[in-house]
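S.K.: Pasted the sequence and its predicted model underneath.
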Amino acid sequence: MASTPSPPPANDLVTEARRLAALQSLQVLDTLPEPVFDAIAASAAQVCEVPIALISLVDAERQWFKANVGLEAAGETPRDLAFCDHAIRGDTPLEVPDATRDPRFAANPLVTGEPDIRFYAGAPIVLEGGERVGTVCVIDRNPRRLDEQQRTMLESLARIASITLQQRRDLLDITRRLADSEAHYRGIVEDQTELIAQATPDGVLGFVNAAYARHVGLTPDAMIGRSLYDFVADGDRAQVRAHLEALGRGAAPAQDICRMKAAEGRARWVAWTHRPVRAADGRVVGLQSVGRDITEQRVAEQRLAESEQRVRRLYEATPAIMHSIDAQGRLLDVSDRWLELLGYRRGEVLGRPSSDFLAPASREKAAEVLPDFFRAGRCDRVPYQFVRSDGQVLDILLSATLERGADGEILRSLAVLEDVTAQRRLEAELGRTHAHLDAVVDNMPALVGFWDADGITRLANRDFQAAVGLPVDKMIGCPLRQVVMSVDPEGYEALAPHVAAVLAGQRQEFECAMLTTSGLRQMRVALVPAQPQAGRIDGFYGTWIDITGMKSLALRQRDSERRYRALFENLHSAYALHEIEVDAQGTPVDYRYLAVNPAFCRMLGTDVANTVGRRATELFPQIATDPADWIGRFGRVALTGESIDFEHRTDTGRWYEIVAYRPEAGQFAIIATDITGRRRLEAELAEARA
């Protein structure tokens with residue numbers, strides 16, 4: 001029988017529940033190996049001179065290994081067999097010199113059989129709240145004991161593991177917050193009928209919304225990568241270029257009115273609001289533009305902005321960074337990660353005061369903190385700014401413990417540094433994003449707001465306030481019914497069914513007449529349910545666009561869409577859009593036809609109805625082994641974004657020039673032009689020259 005730890009006393013059940021909750025909050029169970037944790041386990045094995053070292057996390061019914069040195073065949077064990085379950089019951093390391101002589105473990109299958117445990121030492125991993133969620137432990141197949149230095153290092157590595165786990169959790173939390181923030185506002189911007197674009201300083205489009213694409217009779221994908229000047233009327237191009245070049249040099253945001261090419265073939269007047277996008281150092285790295293067609297009424301005042309599209313890649317938790325100082329604050333030792341982070345060689349730093357590597361303000365702070373640290377013997381997550389050898393300033397949280405000799409004299413400190421530079425930058429960026437998106441919403445030429453599940457107003461931009469004649473302090477916290485009825489006593493009756501539907505999860509788009517402070521206006525309304533968590537609706541977004549005088553534009557837009565479809569269907573060149581399919585290793589194995597025109601079907605000898613939605617290997621089984629490697633060739637286009645251009649002769653003897661490019665990740669498009677006549681002419685010319 002295995003030795004089972006006695007169950008916790010009844011008054012410890014709350015503590016165990018809190019411990020398990022803290023473990024779950026780390027979101028680390030059953031995750032892939034990570035270098036920092038592997039490095040901690042490897043260090044434990046090396047320092048303690050044992051063949052086996054683990055970072056073990058004790059769940060309700062099992063212990064799971066986040067890092068594993070020497071016991072790779074096992075990823076977890078039942079909790080009732082775990083030595084670590086005993087170790088987490090105390091604050092100090094548990095050491096078992098010979099398990100065969102310890103009544104708690106002598107009959108344990110891990111002792112009587114593989115892996116034949118004799119020696120065990122485990123230091124508990126303690127979180128900020130005091131919860132002991134696991135251990136850094138070492139194991140040997142021979143009886144033995146740790147010396148004092150090894151025991152101290154094992155405790156230090158457990159502390160490093162604790163700090164690293166919590167830092168990892170904090171970074172995941174910031175990622176979620178940033179994603180929720182962007183999702184909250186993205187729905188508002190994507191539903192607008194204004195023309196929205198983002199471009200580089202020299203005018204290359206990086207983003208356009210659907211309304212802009214419809215205005216010029218293209219798709220967003222067809223516009224991205226082209227110069228924005230391609231869509232400006234010839235007579236106004238010089239004026240727009242001068243305006244945007246001034247903006248790229250750092251001029252203040254400004255408005256501009258120019259004629260833009262439109263889908264129906266004639267120029268239309270558009271009022272634009274342009275602003276520079278700046279990097280953290282103040283450089284202009286892009287241009288944002290929001291426009292509105294004012295051909296019918298030449299609107300004079302437009303203050304528009306586009307919600308910035310910020311895709312941020314967050315880095316995984318960095319490995320621990322360590323240094324030791326003496327009683328005078330001089331560096332006794334530093335880890336390789338410390339040197340890598342700060343950009344020095346070991347010989348350049350040992351013996352120097354650690355304050356030499358601090359920013360001036362942090363140096364003054366250290367002079368105050370160090371005496372208290374030497375008295376108390378520890379400090380936790382003290383914020384400092386370190387300066388790299390190249391001058392870059394890093395935000396660091398420093399935690400340290402003090403080692404004293406037998407007579408109480410200070411021997412050294414062991415400090416663990418957490419690089420939170422990226423975290424601080426993300427927090428600042430999150431704040432700037434909120435401020436920027438708030439400004440975008442407030443300056444949209446539309447009535448924009450957000451209401452919670454009870455219909456209470458939580459956001460209303462300035463146009464909404466002006467339309468109903470209420471200041472923001474009178475609107476926030478006020479029911480939508482009361483807001484609408486303040487300007488139109490009968491206006492909410494038509495709106496109520498749509499509000500009920502959107503709160504039931506159904507997006508609402510409709511037109512209605514609305515009485516405002518400026519008179520009766522025709523509005524296009526969009527109500528969008530807000531679902532930050534799947535399955536739960538906590539309110540809805542709403543936009544009211546004044547379309548009085550714009551109805552004729554909608555008719556023209558629908559006509560342009562029909563003409564575009566006719567053009568696509570009658571193109572002489574073959575065109576097709578595909579989605580690549582890959583195996584578990586990411587290797588392309590097939591592709592599916594998403595859209596094809598008749599010319600493409602004629603080239604393949606198929607028809608549209610039997611091609612769209614099907615895989616290439618269904619239509620042409622031999623393609624998987626074709627020496628031309630069509631799947632691999634087009635797969636590289638879809639996965640890397642690198643376009644290809646080549647000529648190909650079909651089995652029927654016809655020649656095609658084939659261009660393949662990636663419209664978006666995971667897809668590739670093909671344009672094939674029949675060049676049989678040209679090739680035949682080239683052959684005849686070559687023969688004539690011969």
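M.R.: Perfect, thanks for sending it.
S.K.: which element is residue 243 on?
M.R.: Assigned by DSSP states H and E, residue 243 belongs to helix 237-248.
S.K.: So which other helices or strands are in contact with the helix or strand where residue 638 lies?
M.R.: For residue 638, the host element (DSSP H and E) is helix 630-640. Counting contacts by 3 or more C-beta pairs under 8 Å, 6 or more residues apart in numbering; DSSP states H and E, helix 630-640 packs against strand 574-582, strand 588-596, strand 655-661, strand 667-674. Heads up, the C-betas are built off the backbone N, CA and C, glycines and all.
S.K.: would CSV of those strands with distance to residue 91, mean pLDDT and mean neighbour count be doable?
M.R.: Below are the helices and strands packed on helix 630-640 laid out as CSV (distance: least, C-beta to C-beta, whole Å; pLDDT from 0 to 100; neighbours: other C-beta atoms under 10 Å):
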stretch, distance to residue 91, mean pLDDT, mean neighbour count
strand 574-582, 50, 92, 19
strand 588-596, 54, 93, 19
strand 655-661, 62, 91, 18
strand 667-674, 56, 91, 20
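S.K.: Throw these into a markdown table and include distance to residue 96, thanks.
M.R.: Below are these laid out as a markdown table (distance: least, C-beta to C-beta, whole Å):
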| stretch | distance to residue 96 |
| --- | --- |
| strand 574-582 | 49 |
| strand 588-596 | 52 |
| strand 655-661 | 64 |
| strand 667-674 | 58 |
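S.K.: Tell me which of the ones you listed sits nearest to residue 646.
M.R.: strand 655-661 (5.8 Å; C-beta to C-beta).
S.K.: Just give the strands next to that closest one in its sheet, each with its orientation.
M.R.: strand 644-649 (antiparallel), strand 667-674 (antiparallel) (DSSP bridges).
S.K.: Serialize those to CSV and add fields for distance to residue 512.
M.R.: Listed next are the strands paired with strand 655-661 as CSV, based on distance: least, C-beta to C-beta, whole Å:
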stretch, distance to residue 512
strand 644-649, 51
strand 667-674, 39
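S.K.: Among these, which comes closest to residue 359?
M.R.: strand 667-674 (47.6 Å).
S.K.: chain center to the helix or strand just after the closest one: distance?
M.R.: Note on strand 667-674: by DSSP H and E, the next helix or strand toward the C-terminus is helix 676-689. Between the centre of helix 676-689 and the centre of its chain there are 54 Å (C-alpha atoms, centre = their mean, to the nearest Å).
S.K.: buried stuff in helix 676-689?
M.R.: For helix 676-689, burial by neighbour count (16 or more other C-beta atoms under 10 Å) applies to residue 679.
S.K.: again, but for stretch 87-100
M.R.: 87-88, 93-96, 98-99.
S.K.: Stretch 393-412 too?
M.R.: Neighbour count says stretch 393-412 has 394-402, 412 buried, by 16+ other C-beta under 10 Å.
S.K.: Also stretch 127-135?
M.R.: Buried-residue list, stretch 127-135, by 16+ other C-beta under 10 Å: 127, 131-135.
S.K.: same thing with stretch 594-607?
M.R.: For stretch 594-607, by 16+ other C-beta under 10 Å, it's 596-597, 599-601, 603-604, 606.
S.K.: show me where the stretch 101-250 of the chain has strands.
M.R.: With DSSP state E, counting those that start in this stretch as the criterion, the stretch 101-250 of the chain has strands at 119-126, 132-140, 195-199, 205-208.
S.K.: Just say which of the ones you listed is most tucked in.
M.R.: strand 132-140 (a mean of 28; mean count of other C-beta atoms under 10 Å).
S.K.: Given that one, what are its sheet partners and their directions?
M.R.: strand 52-58 (antiparallel), strand 119-126 (antiparallel).
S.K.: how about those strands, which one is nearest residue 536?
M.R.: strand 52-58 (30.4 Å).
S.K.: where's the closest one relative to the chain centroid, distance-wise?
M.R.: For strand 52-58, the distance to the chain centre is 31 Å (C-alpha atoms, centre = their mean).
S.K.: Looking at the strands paired with strand 132-140, spot the one closest to residue 230.
M.R.: strand 52-58 (57.0 Å).
S.K.: Check what contacts the closest one and list those residues.
M.R.: Here strand 52-58 makes contact (C-beta atoms under 8 Å, 6 or more residues apart in numbering) with 23, 28-29, 37, 40-42, 44-45, 63-71, 79, 82, 84-85, 88, 115, 122, 125, 133-140, 161.
S.K.: Buried residues in that strand, which are they?
M.R.: So, applying 16+ other C-beta under 10 Å, buried residues of strand 52-58: 52-58.
S.K.: as a whole number, average confidence for that strand?
M.R.: Rounded to a whole number, the mean pLDDT of strand 52-58 is 94.
S.K.: follow-up on the earlier one: the helix holding residue 638: how far from the chain's middle?
M.R.: The answer for helix 630-640 is 25 Å, by C-alpha atoms, centre = their mean.
S.K.: So what touches that helix?
M.R.: 578-580, 582, 586-591, 616, 623-624, 642-644, 660-662, 665-668, 670.
S.K.: Output it in CSV with nothing but the alpha carbons.
M.R.: This file holds the C-alpha atoms of helix 630-640, laid out as CSV (Å, rounded to 0.1, in the frame of the first residue of the first chain):
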residue,chain,number,x,y,z
TRP,A,630,1.2,22.8,-57.0
ILE,A,631,0.1,22.3,-53.4
GLY,A,632,3.5,23.1,-51.9
ARG,A,633,4.2,26.0,-54.3
PHE,A,634,0.9,27.7,-53.7
GLY,A,635,1.1,26.8,-50.0
ARG,A,636,4.2,28.8,-49.6
VAL,A,637,2.5,31.8,-51.1
ALA,A,638,-0.4,31.5,-48.6
LEU,A,639,1.8,31.0,-45.6
THR,A,640,4.7,33.4,-46.3
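S.K.: could you check the angle strand 655-661 makes with it?
M.R.: Computed by axes from the mean of the first three to the mean of the last three C-alpha atoms, to 10 degrees, the angle separating helix 630-640 from strand 655-661 equals 30 degrees.
S.K.: Quick one: work out the angle between helix 630-640 and strand 574-582.
M.R.: 80 degrees.
S.K.: Give me the buried positions along helix 630-640.
M.R.: 630-631, 634-639.
S.K.: chain center to the helix or strand hosting residue 324: distance?
M.R.: Using DSSP H and E, residue 324 sits in strand 321-325. The chain centre lies 32 Å from the centre of strand 321-325; the measure is C-alpha atoms, centre = their mean.
S.K.: Report how many residues lie close to residue 160.
M.R.: 25 (other C-beta atoms under 10 Å).
S.K.: wait, it sits on residue 40?
M.R.: Yes: the criterion here is C-beta atoms under 8 Å, and residue 160 meets it with residue 40 at 5.9 Å.
S.K.: Which ones among the buried residues of stretch 87-100 map onto helices?
M.R.: residue 87 (DSSP state H).
S.K.: Find the pair from the buried residues of stretch 87-100 with maximum spatial separation.
M.R.: Farthest-apart pair in the buried residues of stretch 87-100 is 88 and 98; separation 21.6 Å (C-beta to C-beta).
S.K.: Reformat the strands paired with strand 132-140 as CSV; add distance to residue 447.
M.R.: As requested, the strands paired with strand 132-140 are exported to CSV (distance: least, C-beta to C-beta, whole Å):
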stretch, distance to residue 447
strand 52-58, 52
strand 119-126, 54
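S.K.: Among those, which comes closest to residue 214?
M.R.: Nearest of the strands paired with strand 132-140 (C-beta to C-beta): strand 52-58, 53.5 Å.
S.K.: Output the closest one as PDB, nothing but the C-alphas.
M.R.: Taking Å, rounded to 0.1, in the frame of the first residue of the first chain, the C-alpha atoms of strand 52-58 are listed here in PDB:
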ATOM      1  CA  ILE A  52      16.400  14.300 -11.200                       C
ATOM      2  CA  ALA A  53      14.900  17.800 -10.600                       C
ATOM      3  CA  LEU A  54      11.300  18.900 -11.000                       C
ATOM      4  CA  ILE A  55       9.000  21.900 -10.800                       C
ATOM      5  CA  SER A  56       5.900  20.200  -9.400                       C
ATOM      6  CA  LEU A  57       2.500  21.800  -9.100                       C
ATOM      7  CA  VAL A  58       0.100  20.100  -6.700                       C
END
